[in-house]
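Undergrad: With the sequence up front, the predicted model follows.
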Amino acid sequence: MSHAIRVHQTGGPEVLSWEEVSVGDPGPGEARIRHTAVGLNFIDVYFRTGLYPHALPFTPGLEGAGVVEAVGEGVTEVSPGDRVAYAGGALGAYAQSRLIEADRLLRLPAGISDETGAAMMLKGMTAQYLLRRSYRVQPGDTLLVHAASGGVGSLLCQWGKHLGATVIGTVGSEEKGERARRLGATHTIDYSREDFVERVRELTGGAGVHAVYDSVGQATFLKSLDCLRPLGTLVSFGQSSGPVAPLDLGLLVQKGSLFLTRPTLFHYTASREDLLHTARELFQVVEQGAVHIEIGQRFPLQEAAEAHRALEGRRTTGSTVLTVG
């Protein structure tokens, strides 16, 4: 029998339970995969706490890598034995094996390991659509990236630099600032010691930045608007500090006819064509070495609760992988 993490009631990390589960044969359009590694993401916390509602009980997780064991009728996207990775679709990644819609699976290039695949798909494809579609970064742009040493933030720093942008990153400590600078941030701002709006204005000569990438939400949202130049874009793609309060749209006018978007990866990769394009660009920059996927921590899958505690306690850097024995 296979095992998985199950959630029977929402709450703290203690609700994550390691249980025996039954995994059947794939139906039409499905594949059964044996996980070798699973990615940890803050959205997993949102589902665990009930911030993002889901029918109970459920197995969390939206990202993983492994080997295709079997495919159902009509599947042409993958074959048994293929090394694959995925991000998005139905929950269920915190498991040794699972069934998944085959059109969500992506064959991993030979040069990318399973752990790297599990660590990068959700964060990496998020970075792709943020930088190339939500706001299309151009050479010479100046960007503000919040949580610049975190999973998505560290990729935005690297990829933004690769695209020719100047990246300013906010961090919570000097250690995290050093890491963000090593990964491509031209400047870092320690928000525990500095007012990031004032510092951004200093660094840009009062002009402001072209775009802000904000995964923090409530604690940074309004001040992020103050960092933008006229016609700038705020990309609000997360809420680790809590949801953003309702907004008076008149503020966007007052602060310079600003653009605001609240995107999600699932809409940007809803079609198979968009999914393949997004993944292809990610694989390319990783294989070129322009973007390095740093795995900061590893936890056995059955210790997912401890991994969640580390993530929520801001004790993680880069990506975290849940290893599957």
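TA: Alright, I've got the coordinates.
Undergrad: Where does the prediction get shaky in the stretch 1-150 of the chain?
TA: Regions of the stretch 1-150 of the chain meeting the criterion pLDDT under 70 are absent.
Undergrad: ok, which stretches of it are helices?
TA: Under the criterion DSSP state H, counting those that start in this stretch, the stretch 1-150 of the chain contains helices at 42-49, 114-129.
Undergrad: outside of the shortest one, which residues touch it?
TA: Under the contact criterion Cβ atoms under 8 Å, 6 or more residues apart in numbering, helix 42-49 has outside partners 7, 10-13, 15-16, 51-52, 54, 58, 60-62, 91, 94, 122, 151, 215, 238, 240, 308, 311-312. Using the backbone N, CA and C atoms, a C-beta is placed for each residue, glycine as well.
Undergrad: then that helix to PDB, C-alphas only?
TA: C-alpha atoms of helix 42-49 as PDB (Å, rounded to 0.1, in the frame of the first residue of the first chain):
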ATOM      1  CA  PHE A  42       3.200  28.600   0.700                       C
ATOM      2  CA  ILE A  43       0.000  27.800  -1.100                       C
ATOM      3  CA  ASP A  44       0.100  24.500   0.700                       C
ATOM      4  CA  VAL A  45      -0.200  26.400   4.000                       C
ATOM      5  CA  TYR A  46      -3.200  28.300   2.600                       C
ATOM      6  CA  PHE A  47      -5.100  25.000   1.900                       C
ATOM      7  CA  ARG A  48      -4.000  23.500   5.200                       C
ATOM      8  CA  THR A  49      -5.300  26.400   7.300                       C
END
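Undergrad: Quick one: work out the angle between that helix and helix 114-129.
TA: Inter-element angle recorded for helix 42-49 and helix 114-129: 100 degrees (by axes from the mean of the first three to the mean of the last three Cα atoms, to 10 degrees).
Undergrad: Touching, His292 and Leu183? I think so.
TA: Yes - in this structure His292 lies within contact range of Leu183 using Cβ atoms under 8 Å: 7.5 Å.
Undergrad: shared neighbours, these two?
TA: By Cβ under 8 Å, 6+ apart, His292 and Leu183 have these common neighbours: Gln158.
Undergrad: These two: which is more packed in?
TA: For His292 versus Leu183, the count of surrounding residues by other Cβ atoms under 10 Å is larger for Leu183: 23 against 16.
Undergrad: and the helices of the stretch 1-150 of the chain as CSV, adding distance to Val286?
TA: Shown next, in CSV, are the helices of the stretch 1-150 of the chain (distance: least, Cβ to Cβ, whole Å):
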stretch, distance to Val286
helix 42-49, 21
helix 114-129, 7
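Undergrad: for these, which one ends up most surrounded?
TA: helix 114-129 (a mean of 26; mean count of other Cβ atoms under 10 Å).
Undergrad: ok, so what distance separates Glu14 from Gly92?
TA: Going from Glu14 to Gly92 by Cβ to Cβ, to the nearest Å gives 21 Å.
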